[in-house]
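Participant: Predicted model and sequence below, questions to follow.
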Amino acid sequence: MDQSHLDSSQRPDQKQKPTMKFFPVPLEILEEIFLNLPPDQVVYVCRSVCHQWKEVADSESLWRERCRREGYRLRDASKTPKDWRLFYFLCKKRRNLLKNPRAEHDLNGWQILKNGGNRWAVEGVRVPHPDETVQKNFVTSFQMCRKSQLIDLEEEGYNPSFMDHFQPDIRISDWYSQRTDCGCKYEICVELLNQSEEPVQTFAPVAVHFKQWNEEKWNEMTHVFQNYGPGVRYVRFTHGGKDTQFWAGWYGIRVTDSCVEICPAVDT
């Protein structure tokens with residue numbers, strides 16, 4: 001029998017190729033699968049597979065549930081994030097961007113700008129810190145002592161397009177304390193800088209002066225940078241001080257547990 005005129009589907013020697021069939025997965029099952037995958041894989045891989053997967057990967061319920069399971073909770077339950085996915089990733093990446101903030105590694109990580117009197121030193125805390133894990137502090141002398149750190153946000157994982165588009169809150173804090181028997185001065189300056197390291201926004205409050213025989217206790221300086229516009233690429237954190245009695249030794253302001261962190265707007 002001549003089979004030359006038969007079409008391919010009729011030829012007995014022609015093997016038919018199997019046909020791939022995709023069956024829709026219920027959204028709640030797909031969401032549960034995504035909740036058990038690495039979050040970066042959900043964003044960069046899963047959401048590009050098909051429309052259904054993208055819908056689940058972008059859903060508010062997925063990222064709200066992920067926050068709940070990993071313990072990322074709102075400080076104020078009445079405030080709701082505009083973007084739960086952004087809130088999740090900011091919480092996950094949130095950390096202190098300053099190196100050696102508690103003087104646990106001497107002065108490593110800090111650039112010394114001024115080293116007056118008997119120079120910067122590291123000592124144990126004289127009075128308990130509100131956080132009992134803080135056991136050391138930097139201490140200044142009888143002339144101005146000032147130190148600084150420059151944080152490269154891109155190196156820390158916050159790329160330029162992310163910073164420009166979302167402009168997440170940047171929270172800074174610093175703890176400082178005086179001695180009872182000696183007056184002293186404390187100052188701080190934190191700058192958001194552009195690519196050329198020029199200031200975009202600056203926090204530089206009036207210096208704090210303590211008189212002799214004040215109560216010896218820890219004080220916290222805080223500030224949150226918001227709506228600072230595009231272009232921020234670095235954060236420069238600078239603080240220091242001195243004693244005002246001009247006594248040899250280390251009777252000046254004490255600083256420790258300094259912090260710079262990128263944080264969700266509803267959690268600052």
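Facilitator: Looks like it arrived, so ask away.

Participant: which residues touch Ala204?
Facilitator: The contact partners of Ala204, taken as CB atoms under 8 Å, 6 or more residues apart in numbering, are 188-190. To be clear about C-beta, it is placed using only N, CA and C from the backbone, and glycine gets the same treatment.

Participant: Looking at these, which is nearest Lys217?
Facilitator: Nearest to Lys217, judged by CB to CB, of the contacts of Ala204 is Ile188 at 17.7 Å.

Participant: can I assume the closest one is in contact with Asn219?
Facilitator: No: assessed by CB atoms under 8 Å, Ile188 is found out of contact with Asn219, at 11.4 Å.

Participant: what about the two, which has more around it?
Facilitator: Neighbours were counted for Ile188 and for Asn219 using other CB atoms under 10 Å; Ile188 has more, 23 against 12.

Participant: pretty sure the more buried one is in a helix, no?
Facilitator: No: assessed with DSSP: H, G, I helix; E, B strand; the rest coil, Ile188 is strand; it does not lie in a helix.

Participant: secondary structure class for the closest residue to Cys182 other than its chain neighbours?
Facilitator: Nearest residue to Cys182 in three dimensions, chain neighbours excluded: Tyr251, at 3.9 Å (CB to CB, 6 or more residues apart in numbering). Recorded secondary structure, Tyr251: coil (three-state DSSP).

Participant: what's Tyr251 in contact with, if anything?
Facilitator: Tyr251 neighbours (CB under 8 Å, 6+ apart): 141-142, 179, 181-182, 184, 243, 245.

Participant: from the contacts of Ala204, which single one is nearest Phe237?
Facilitator: Val190 (5.2 Å).
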